[in-house]
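Peer 1: Show me the folded form of this:
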Amino acid sequence: RHDKETIKTIAAAFAVVALGALGDPAAVPRLASLLRDDREGRTLVEGKRVATRLRAFAAYGLGLQAAETPKTDLRRYVALQLFAALDEDPAGTQDVEVAVLTAIGLVPLPAAAPGDRIDPEETDEEPFGSRGAQVRALLRVFDDARRADVVRGNAAVPAARLARDVPGLKALVAARLLDAVRPGTRTPQIVRQGATIALGVLLDDDEDALDSSLRTSLLRIAKEGERLERRFAWMALAEGTSRPGGGERSERAVEAVREALLHELAEGTTPSRPWAALALGVLEHRRARFDLPGSTRVGDALTTALATGASPEEEAALCLALGLAGEVRAREAIEKRVEGESDFLRGFACVGLGLLDADASVPKLRKTLKEALVRPRLLADAAVGLALVGDKETVLLLVEELRKSNTLARSASIATALARMGDVRAVRPLVELLRDREGATSLTRAYAAVALGGICDESPLPFNARLSVDALYILSPPTLTQPNEGGGVLDLQ
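Peer 2: Prediction:
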């Protein structure tokens, strides 16, 4: 539970990021003022200062706003505000810095032809002048030993994301990241972890010299790195190897990664096998999305591993991986996990069934959702499974449960469930709940607004999906994710 003041601040933060997600350019100056904590920003919050949480969420809102606009001038203005907050704030916090870095990665500026393509060397250009200037500024943060390690680690993925499609910049960022993860270097651990994830952002499935080098480095990290580095390397390999590149596609490279993952699934340690399973699921899912051939061996191996799973955590990963891989033969085996004792496993089994688009599993999913009304995590997962299958029969029950909820985590879970299900029949009762100042708490009304936004959003993905991709969530500040409390931007679904 949170005290009233904390709940008020969290609700305000959600409203701030929603301003950006709505895509109204008129909101940009207000978001910039909140981020800068200037006079106008303080007037908006009616206080002596803008709270750190609000400043961080304003940065996320600016990034989401700029990601959607085709207007280069607006993107450049947002980039200016973000870099100014990163460089000029004497009282900066990790929350604000990580939020700013994440947002910058969503604001690609035009490549300065031909400079970004053939001469990505250092220039005196302002960081909001071009794509190359953005990337070089982010690399300076990545290299800056005076900054907190978690901030440096969070600079790697935005740099890679902005550089990936510009050959000269891709080579520049790759060289810096590969140097940071070389054996024997003294790069701080979380910086290496961020670099490992970013290598997967750069990698694609062809066999040019640069991609071969990236793949080789990730395979080495997967064998020799520290615990989290190895796990991030598996996921990075799956993501990168399933991304079509500009050169000739190499099935040999794909098969090498697939073989390494299958070996890890069969022979790896108990903690590593779930990561290998998830990586295999991601690899097959992404290849199917690009109309590339899959492998029946992967489905067979994942199904066999589920039958002999050593823990609920391992079986949960396998249920999700089988769903991602589209292994419909495993539906009944996954259904059995929905009936288990572990809510953690049951939840992921629900999502796995949803990914399989298993209509035959709808009754079981509905039963699970009704049982989970006082178990927030399982509630959200069961609703996600039903939403993926296309069921829309349980929304009114969830609206009433949202009205009665008095905890942040439960309200967040129900709002997530309603947003995921996307049924327009929930709009009228949610609007009534939002307007009920006398009978509903401010927390309930805030999450009614969240649910309405999700239902009315035309995008097939949650508004904050952009912020979650390749996020370095380990040791990240609570404004990014706070899963047990529901107070981070990634927890707002």
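
Peer 1: Now do the helices in the stretch 201-350 of the chain.
Peer 2: 209-224, 227-241, 251-267, 273-289, 296-307, 312-325, 331-338, 343-355 (DSSP state H, counting those that start in this stretch).

Peer 1: mind putting the ones you listed in TSV, mean pLDDT included?
Peer 2: Converted to TSV, those look like this (pLDDT from 0 to 100):
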stretch	mean pLDDT
helix 209-224	95
helix 227-241	95
helix 251-267	92
helix 273-289	95
helix 296-307	96
helix 312-325	96
helix 331-338	95
helix 343-355	95
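
Peer 1: For those helices, give me CSV that also has distance to residue 140.
Peer 2: For every residue, glycine as well, the C-beta is placed using N, CA and C. Below are the helices of the stretch 201-350 of the chain laid out as CSV (distance: least, C-beta to C-beta, whole Å):
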stretch, distance to residue 140
helix 209-224, 22
helix 227-241, 23
helix 251-267, 32
helix 273-289, 32
helix 296-307, 41
helix 312-325, 37
helix 331-338, 47
helix 343-355, 40
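
Peer 1: can you list the ones you listed in TSV and add mean neighbour count and distance to residue 52?
Peer 2: Shown next, in TSV, are the helices of the stretch 201-350 of the chain (neighbours: other C-beta atoms under 10 Å; distance: least, C-beta to C-beta, whole Å):
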stretch	mean neighbour count	distance to residue 52
helix 209-224	18	34
helix 227-241	23	27
helix 251-267	17	40
helix 273-289	23	33
helix 296-307	18	43
helix 312-325	26	33
helix 331-338	19	40
helix 343-355	26	31
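
Peer 1: Among those, which comes closest to residue 200?
Peer 2: helix 227-241 (2.5 Å; C-beta to C-beta).

Peer 1: the inter-axis angle of that closest one versus helix 273-289?
Peer 2: 10 degrees (axes from the mean of the first three to the mean of the last three C-alpha atoms, to 10 degrees).

Peer 1: Show me how far helix 227-241 is from its chain's centre.
Peer 2: 15 Å (C-alpha atoms, centre = their mean, to the nearest Å).

Peer 1: if we can go back for a sec, how about the helices of the stretch 201-350 of the chain, which one is nearest residue 470?
Peer 2: Of the helices of the stretch 201-350 of the chain, nearest to residue 470 by C-beta to C-beta is helix 227-241, at 7.7 Å.

Peer 1: quick check: angle from that closest one to helix 312-325?
Peer 2: 10 degrees.

Peer 1: Give me the nearest residue to residue 482, chain neighbours excluded.
Peer 2: Nearest residue to residue 482 in three dimensions, chain neighbours excluded: residue 488, at 4.2 Å (C-beta to C-beta, 6 or more residues apart in numbering).

Peer 1: number of nearby residues for that neighbour?
Peer 2: Residues near residue 488, counting by other C-beta atoms under 10 Å, number 25.

Peer 1: Settle this for me: it is touching residue 471, isn't it.
Peer 2: No. At 10.2 Å, residue 488 does not count as touching residue 471 under the criterion of C-beta atoms under 8 Å.

Peer 1: Would you mind listing the residues touching both of those two?
Peer 2: 480, 481 (C-beta atoms under 8 Å, 6 or more residues apart in numbering).

Peer 1: who touches the residue lying closest to residue 103 once chain neighbours are set aside in this structure?
Peer 2: In space, and not counting its chain neighbours, residue 103 is closest to residue 63: 2.7 Å by C-beta to C-beta, 6+ apart. Shown in contact with residue 63 (C-beta under 8 Å, 6+ apart): 20, 78, 82, 102, 103, 104, 105, 106, 107, 466, 467.

Peer 1: now the residue nearest to residue 482: how far from residue 307?
Peer 2: 36 Å (C-beta to C-beta, to the nearest Å).

Peer 1: ok so, going back, need the contact list for the residue nearest to residue 482.
Peer 2: Here residue 488 is in contact with 478, 479, 480, 481, 482 (C-beta under 8 Å, 6+ apart).

Peer 1: right, and residue 148 touches residue 94 too?
Peer 2: Yes. Judged on C-beta under 8 Å, residue 148 makes contact with residue 94 at a distance of 5.5 Å.

Peer 1: which one of these two has more residues nearby?
Peer 2: Counted by other C-beta under 10 Å, residue 148 and residue 94 do not tie: residue 94 has more neighbours, with 21 against 18.

Peer 1: Distance check, the more buried one against residue 154.
Peer 2: 9 Å.

Peer 1: likewise residue 488?
Peer 2: 14 Å.

Peer 1: What of residue 346?
Peer 2: In terms of C-beta to C-beta, residue 346 sits 33 Å off from residue 154.

Peer 1: do residue 296 as well
Peer 2: 39 Å.

Peer 1: ok, now residue 441?
Peer 2: When distance is defined by C-beta to C-beta, residue 441 is 34 Å away from residue 154.

Peer 1: In terms of packing, which of these two has more residues around it?
Peer 2: residue 154 (33 against 16).

Peer 1: Spit out the contact partners of the more buried one.
Peer 2: 97, 98, 101, 102, 194, 472, 476.

Peer 1: now swap in residue 439 and tell me
Peer 2: Per C-beta under 8 Å, 6+ apart, neighbours of residue 439: none.

Peer 1: Pretty sure it sits in a helix.
Peer 2: No. Going by DSSP: H, G, I helix; E, B strand; the rest coil, the assignment for residue 439 is coil, not a helix.

Peer 1: Phi first, then psi, for it.
Peer 2: Here is the backbone geometry of residue 439 (degrees, to the nearest 10): phi -100, psi -20.

Peer 1: Check residue 342 too.
Peer 2: phi -90, psi 120.
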